[in-house]
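1. dropping the sequence and predicted coords here.
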There are 2 protein chains.
Amino acid sequence: MVTGKSTILDVARIAGVSTATVSRALAHPDRVQQATRDRVMSAVRKTGYRVNPVARNLRTQRTNVILVLAPNLANTFFSRILSAVTEVAASHGFGVLIADSAPLGDHDLDVMDLSGDGRADGIILLDGALDPLRVTNTDLPLVMACEWIEDSTLPTIAIDNVQGARLAVEHLSALNHHRIAHIAGPVGNVLSTARHDGWRSAMQALDHRIEQNDYFAGDFTLGSGVSAARQWLAQPADQRATAVFCASDECAMGFIGHVTRQGLRVPDDVSVVGFDDIDLSEHFLPSLTTIHQPRRRMGARAAETVIRLIRHENTAGADAAPLPVELVVRGSTARR
Amino acid sequence: MVTGKSTILDVARIAGVSTATVSRALAHPDRVQQATRDRVMSAVRKTGYRVNPVARNLRTQRTNVILVLAPNLANTFFSRILSAVTEVAASHGFGVLIADSAPLGDHDLDVMDLSGDGRADGIILLDGALDPLRVTNTDLPLVMACEWIEDSTLPTIAIDNVQGARLAVEHLSALNHHRIAHIAGPVGNVLSTARHDGWRSAMQALDHRIEQNDYFAGDFTLGSGVSAARQWLAQPADQRATAVFCASDECAMGFIGHVTRQGLRVPDDVSVVGFDDIDLSEHFLPSLTTIHQPRRRMGARAAETVIRLIRHENTAGADAAPLPVELVVRGSTARR
DNA sequence: ATCGCCCATGTAATCGTTTACATGTAGAGT
DNA sequence: ACTCTACATGTAAACGATTACATGGGCGAT
């Protein structure tokens, strides 16, 4: 019980059996006699033996681990996805490890340098910005979730971002807003692009002209909401958009925070719609009208899909369809 | 380049050398002749060979991986700690994997079932609720951060929670509040306990009586802030505490959100202080007066400490002292 | 009593690396 | 010409488990 680095051989010696029997006693208790099983167990207790997972992984070529690569752990958006993944995986006997994919972009690493050809049985990738060549350079089952990679054939779990943007714009339009600005996400990001496209096409479909000043660059963060708010406030009061559709809730909160502190009121002076429906949105002041993403379902579906791939089960199914989004009307939007 | 599951032996055969030479060409390029090195490299390219980290880990008994166990990834508080850990680790050649420690509490698993005696070289544990017996049942270097385990001798990086609570209470007292309520964190949690103690002792030191109704149970979440707000509102208006010290920022936001929606104003009708200084606090409405935790520094220090332990470097130093906290005065507190 | 089968256990190969040690070759020093 | 060094490479033993196959004893059927 004291040592701590005992091997299966130590146990075998103490129990007076072979290593094979120890291994069997542990993995298939029904295949060894009660008496020897007891001797083995007691030896295990005596030595404090724990199986070395690395050795086991090498021999069995399995790890029972799913690796999740997330682009930015600081983004509160991922938490619920991760917990859903963890739950589903656990119910199938898999553990979950998470890694920040940011270092992968910078250095010359690729996915496998972290995941290791053998460190995980499958990967869930939440980062669409990774070089596709690097990503597919692996035999491991890999599914994308939330974000995706254009022109790749990877299984992908995502929502209909264009539709989400459209719902936001239509909601604002129905409240008699015609000048609906957009604070975008980071350029190059697939989500940004989809939401931006959705905004543009919805505006066109509703015959609302998009003024040059109504597009603000951003990056999903609180800070980018604040700086967009500054730019918006700098415009002459009678020439501003009367509503803003933000590419993320955080960004929306940054915007609202800043304009409120400058003496304007939301939604009386400007309506704001976010995207994501993070936990805080409901409690923010004013509570945030936003596009709800089914985060738990995304995480669960991603986990199920990758596990099915790992097990070589039939992966055909309704997986292709994007998950539905939903407009949640709260206190940050009002009739003009 | 096509296969994908080629071993060092395949490379050796194609290059016409032994596996030892391949291994050396990759790990110590200076110890093989230019010519053979080139042959090896070209064989590597031809086969798409990637070293199998599991085999390497087994052989070298190292992984260059640090495992971080966090109690609750949904808590936005951890993000910045994690990114600091990741950065520092990377600069020392370590990768970082993160796992949710929640499953460890429930099942019969212990730390090693996830980390694996061999899967990581060291552990940073952010969860103080784990059974100490299970935690210390490992040879791996292990450091605690943020939370800690009573009566254990594990190296611990933390802030002075009692002092933080004291600063909050003193600030409110200086603003002429005497009835200062407290919304606590989960019972049994070391942070909750320390902050609760700090509140109580500061109140005593200032000769403020603690009324029975001024303690609210909670659990750090938004929701617990809301339900505390309900209880507080249910009290007769002239008999309520005039200020509230919350055990977390999220909780404070939940409280403020609810009372504001019920028609009260913060800070005019009630002052609120949070704890943590998460990103959003500055942008919340009103912006949140809170106790700032140096999250990046905690993460960095934890990483440095565990790496020093892994390398058997002298670990003595100023590590014992808790990191300083700081009161950040913003818009949620006002003179009574 | 003999044969054959089953069950519990042991033997040893295997997973894919790294690395201590052995081997062989070439050039320097005498 | 001979030895000694130095260096490049090969040989083979680890790392710690799992598992196909071999072995031997016990027991039922004949």
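-> Right, received. Where do you want to start?

2. would you map the strands across chain A?
-> Listed from the start of the chain, chain A has strands (DSSP state E) covering A:65-70, A:95-100, A:122-125, A:142-145, A:156-157, A:180-183, A:215-216, A:243-246, A:271-273, A:290-292, A:326-328.

3. by contact count, what packs against the second one?
-> Looking back up the chat, that one is strand A:95-100. Helices and strands touching strand A:95-100, by 3 or more CB pairs under 8 Å, 6 or more residues apart in numbering or on different chains; DSSP states H and E, are strand A:65-70, helix A:79-91, helix B:79-91, strand B:95-100, helix B:111-119. Just so you know, the C-beta spots here come from the backbone N, C-alpha and C atoms, and that holds for glycine as well.

4. worst average pLDDT in the ones you listed?
-> Mean pLDDT per stretch puts helix B:111-119 lowest among the helices and strands packed on strand A:95-100, at a mean of 58.

5. got the domain ranges for chain A?
-> Split into domains by automatic domain parsing, chain A comes to A:8-51, A:62-158+A:296-320, A:161-292.

6. to DNA strand D, which of these lies closest?
-> Relative to DNA strand D, the nearest member of the domains of chain A by CB to the nearest atom of the strand is domain A:8-51, separated by 3.1 Å.

7. that closest one vs DNA strand D: in contact?
-> Yes: part of domain A:8-51 sits near DNA strand D under the criterion CB under 7 Å from any atom of the strand, namely A:8-9, A:19-20, A:23-24, A:26-27, A:49-51.

8. and these as JSON lines, adding distance to residue B:307, neighbour count and pLDDT?
-> Putting those into JSON lines (distance: CB to CB, whole Å; neighbours: other CB atoms under 10 Å in any protein chain shown; pLDDT from 0 to 100) gives the following:
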{"residue": "A:8", "distance to residue B:307": "30", "neighbour count": "21", "pLDDT": "97"}
{"residue": "A:9", "distance to residue B:307": "31", "neighbour count": "12", "pLDDT": "97"}
{"residue": "A:19", "distance to residue B:307": "34", "neighbour count": "14", "pLDDT": "97"}
{"residue": "A:20", "distance to residue B:307": "39", "neighbour count": "11", "pLDDT": "97"}
{"residue": "A:23", "distance to residue B:307": "34", "neighbour count": "18", "pLDDT": "97"}
{"residue": "A:24", "distance to residue B:307": "39", "neighbour count": "18", "pLDDT": "96"}
{"residue": "A:26", "distance to residue B:307": "33", "neighbour count": "17", "pLDDT": "95"}
{"residue": "A:27", "distance to residue B:307": "35", "neighbour count": "10", "pLDDT": "93"}
{"residue": "A:49", "distance to residue B:307": "28", "neighbour count": "24", "pLDDT": "93"}
{"residue": "A:50", "distance to residue B:307": "24", "neighbour count": "20", "pLDDT": "91"}
{"residue": "A:51", "distance to residue B:307": "26", "neighbour count": "20", "pLDDT": "92"}
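
9. quick one: which of those is nearest DNA strand C?
-> Proximity of the residues of domain A:8-51 next to DNA strand D to DNA strand C was ranked by CB to the nearest atom of the strand; the top entry is residue A:20 with 3.2 Å.

10. and that closest one, how far is that from residue A:8?
-> If you measure residue A:20 against residue A:8 using CB to CB, to the nearest Å, the figure is 9 Å.

11. rewinding a little: which of the domains of chain A sits closest to residue B:308?
-> Among the domains of chain A, domain A:62-158+A:296-320 comes nearest to residue B:308, with 21.3 Å by CB to CB.

12. the closest one near DNA strand D at all?
-> No: when contact is scored as CB under 7 Å from any atom of the strand, no part of domain A:62-158+A:296-320 falls within range of DNA strand D; the minimum is 8.5 Å.

13. what's the spacing between that domain and its chain's center?
-> With CA atoms, centre = their mean, to the nearest Å as the basis, the distance from the averaged C-alpha position of domain A:62-158+A:296-320 to the chain average is 9 Å.

14. kindly check the end-to-end length of it for me.
-> Domain A:62-158+A:296-320 stretches 28 Å from its first residue to its last (CA to CA, to the nearest Å).

15. picking up where we left off before, and the strands of chain A, which is most packed in?
-> The densest packing among these, expressed as mean neighbour count by mean count of other CB atoms under 10 Å in any protein chain shown, is seen in strand A:243-246 with a mean of 32.

16. can you list the residues that contact that strand?
-> By CB atoms under 8 Å, 6 or more residues apart in numbering or on different chains, the list of residues contacting strand A:243-246 from outside reads A:165, A:168-169, A:172, A:175, A:177, A:179-183, A:199, A:218, A:225, A:228, A:232, A:252, A:255, A:270-275, A:333, A:336.

17. near DNA strand C, which residues of the stretch 151-300 of chain A show up?
-> Residues of the stretch 151-300 of chain A lying close to DNA strand C by CB under 7 Å from any atom of the strand: none are found.

18. spatially nearest residue to residue A:233 (excluding sequence neighbours)?
-> Closest residue to residue A:233 apart from its sequence neighbours, by CB to CB, 6 or more residues apart in numbering or on different chains: residue A:262 at 5.9 Å.

19. kindly report the same for residue A:330.
-> residue A:287 (4.0 Å).

20. got the residues of the stretch 201-336 of chain A near chain B?
-> With CB under 8 Å from any CB of the partner chain as the criterion, the stretch 201-336 of chain A comes near chain B at residues A:222, A:225-226, A:250, A:253-254, A:256-258, A:260-261, A:279-280, A:283-285, A:287.

21. follow-up on the earlier one: which one of the residues of domain A:8-51 next to DNA strand D is nearest to chain B?
-> Comparing those against chain B with CB to the nearest CB places residue A:50 closest, at 5.6 Å.

22. so what does the residue nearest to residue A:330 look like in phi/psi?
-> The phi and psi values for residue A:287, taken as degrees, to the nearest 10, are phi -60, psi 150.

23. now do the contacts for it.
-> With contact taken as CB under 8 Å, 6+ apart, residue A:287 is in contact with A:281, A:330-332, B:257, B:261.

24. again, 10 Å this time
-> With contacts defined as CB atoms under 10 Å, 6 or more residues apart in numbering or on different chains, residue A:287 is in contact with A:280-281, A:328-332, B:257, B:261.

25. show the buried residues in the contacts of strand A:243-246.
-> Burial of these was assessed by neighbour count (16 or more other CB atoms under 10 Å in any protein chain shown); the buried members are A:165, A:168-169, A:172, A:175, A:177, A:179-183, A:199, A:218, A:225, A:228, A:232, A:252, A:255, A:270-275, A:333.

26. among these, which are in helices?
-> The helices in this structure, assigned by DSSP state H, contain A:165, A:168-169, A:172, A:199, A:225, A:228, A:232, A:252, A:255 from the buried ones among the contacts of strand A:243-246.

27. now do residue A:211 against chain B, distance only.
-> The spacing between residue A:211 and chain B, counted by CB to the nearest CB, to the nearest Å, is 27 Å.

28. count the neighbours of that residue for me.
-> Here the neighbour count serves as a burial measure; for residue A:211 (other CB atoms under 10 Å in any protein chain shown) it reads 15.

29. against chain B, how distant is residue A:146?
-> When CB to the nearest CB is applied, the distance between residue A:146 and chain B equals 15 Å.

30. quick check: that residue touching residue A:302?
-> Yes: using CB atoms under 10 Å as the test, residue A:146 is close enough to residue A:302 to be in contact (8.5 Å).

31. next, show the common contact partners of these two.
-> Residues touching both residue A:146 and residue A:302 comprise A:81, A:124-126, A:156-158, with contact defined as CB under 10 Å, 6+ apart.

32. out of those residues, flag the one nearest to residue A:193.
-> Ranking those by separation from residue A:193, with CB to CB as the measure, puts residue A:158 on top at 12.8 Å.

33. touching, that closest one and residue A:125? I think so.
-> No: in terms of CB under 10 Å, residue A:158 does not count as a neighbour of residue A:125; the distance is 11.8 Å.

34. for these two, list the residues in contact with both.
-> Shared contacts of residue A:158 and residue A:125 (CB under 10 Å, 6+ apart): A:144-148, A:302.

35. the residues you listed also near DNA strand C: which ones?
-> Of the entries in these, not a single one is placed beside DNA strand C under the rule of CB under 7 Å from any atom of the strand.
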